[in-house]
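Colleague: whatever this is, show me its structure:
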Amino acid sequence: MESTETNTAPEPGTAPDLDLVTVPARQGLEAVDIIRRAASQAGGVGPVLHDGSGDTLGFLVPPGTADAWDLPGSACTQTNGRGMRFGDAASPAAGVTGWLLPPEAVGPVTDPEVLRAALGEAARLIEAADNCR
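Modeller: As a prediction, this is how the structure comes out:
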């Protein structure tokens with residue numbers, strides 16, 4: 001029986017049709033840590049982009065995620081392969097968008113439900129930390 005699994009890591013040099021969940025950097029970094037600590041969750045964290053200013057992180061998720069994404073404080077957009085460049089894991093120059101976790105270093109794209117849960121937990125942790133000041 002052939003596998004129809006679409007949750008695979010991007011091939012170097014290709015621009016697959018993936019969606020991108022964009023979140024504030026602080027919440028995104030917390031979510032990366034949360035997912036990595038819970039390694040048993042659906043394959044862990046996939047490739048993650050950071051913007052040049054350091055304000056946001058972008059998680060690659062399976063195509064179609066944007067159709068139902070409604071988590072406040074985040075956005076999910078269809079990339080249709082536009083602007084995606086794989087296979088270049090070199091450190092980006094200052095002020096340039098680049099990989100926090102390149103496709104070559106991590107597994108498949110991030111599972112949207114795992115990401116949603118991690119972002120929720122991250123928001124709660126950040127709120128608790130901010131309220132302790």
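Colleague: quick one: Leu115 and Ile35 touch, right?
Modeller: Yes. Contact criterion Cβ atoms under 8 Å: Leu115 and Ile35 qualify, at 7.3 Å. Using the backbone N, CA and C atoms, a C-beta is placed for each residue, glycine as well.
Colleague: neighbour count: these two, which is higher?
Modeller: Each of Leu115 and Ile35 has its neighbours counted (other Cβ atoms under 10 Å); Leu115 has more, 29 against 26.
Colleague: residue contacts, that one?
Modeller: Val21, Ala31, Ile35, Phe59, Val61 (Cβ atoms under 8 Å, 6 or more residues apart in numbering).
Colleague: against Asp17, how distant is the second one?
Modeller: When you say that, I think you mean Ala31. Here the distance between Ala31 and Asp17 works out to 23 Å (Cβ to Cβ, to the nearest Å).
Colleague: pick out whichever of these two has more residues nearby.
Modeller: Neighbour totals were compared for Ala31 and Asp17, and Ala31 leads with 29 against 14 (other Cβ under 10 Å).
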